[in-house]
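[1] Sequence below, structure please.
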Amino acid sequence: MHIYLQHPKHGAKVAISDQEAQQDIKNGWSVFDPSATIKPANDAPEAPQATDTLIINQLPAQRGRRRKNADTQEE
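    Down below sits the predicted model:
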C-alpha cells in the first residue's frame, strides 16, 4: 500500500506502510491524491517578452593567467 504525503517545507514523499504514514502525519505531513488534476491559475505570469536591450555579463572576472592564443604569441 502506498500513501502519498506532502509537507510545506520538505515537499512530497511516499510512505509504504500505515505505521510510517501515521508517524509522518504526526510530524506535519498531510495525505494527498496524486491522481487529482491540477488546475492552472488564471493569473499565471506571462512569458517574458523579447527586448532589444544589450545584456552585459555581470559575473566577476576569472582570476589567474589567461591562456596564450596562437594569434597573440610573439616570437
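[2] Phi, psi for the most centrally placed residue in the chain please.
    Taking CA atoms, centre = their mean as the criterion, residue 11 is the residue nearest the geometric centre of the chain, at 11.5 Å. Per-residue torsions, residue 11: phi 90, psi -140 (degrees, to the nearest 10).
[3] Report pLDDT for it.
    We note a pLDDT of 90 for residue 11 in this prediction.
[4] Name whatever forms a beta bridge with it.
    Beta bridges link residue 11 to residue 7 when assigned by DSSP bridges.
[5] separation between it and residue 17?
    With distances taken as CB to CB, to the nearest Å, residue 11 is found 20 Å from residue 17. (C-beta placed from N, C-alpha, C; glycine too.)
[6] what element comes up after whichever helix or strand residue 25 is part of heading to the C-terminus?
    Following DSSP states H and E, one finds residue 25 within helix 18-26. Using DSSP H and E, the helix or strand that follows helix 18-26 in sequence is strand 30-31.
[7] what helices or strands is that following strand leaning on?
    Helices and strands touching strand 30-31, by 3 or more CB pairs under 8 Å, 6 or more residues apart in numbering; DSSP states H and E, are strand 3-7.
[8] Please look at residue 12 and residue 5 and confirm they touch.
    Yes - with contact defined as CB atoms under 8 Å, residue 12 counts as touching residue 5 (6.8 Å).
[9] Can you pull the residues that touch both of these two?
    Each of residue 32 lies in contact with both residue 12 and residue 5 under the rule CB atoms under 8 Å, 6 or more residues apart in numbering.
[10] neighbour count winner among these two?
    residue 5 (20 against 11; other CB atoms under 10 Å).
[11] Could you report the neighbour count for residue 55?
    6.
[12] sec struct for it, please.
    Three-state call for residue 55 (DSSP: H, G, I helix; E, B strand; the rest coil): coil.
[13] Which pLDDT value belongs to it?
    75.
[14] roughly how far is stretch 49-57 from the heart of the chain?
    24 Å (CA atoms, centre = their mean, to the nearest Å).
[15] Can you measure across that stretch, start residue to end residue?
    End-to-end distance of stretch 49-57: 20 Å, with CA to CA, to the nearest Å as the criterion.
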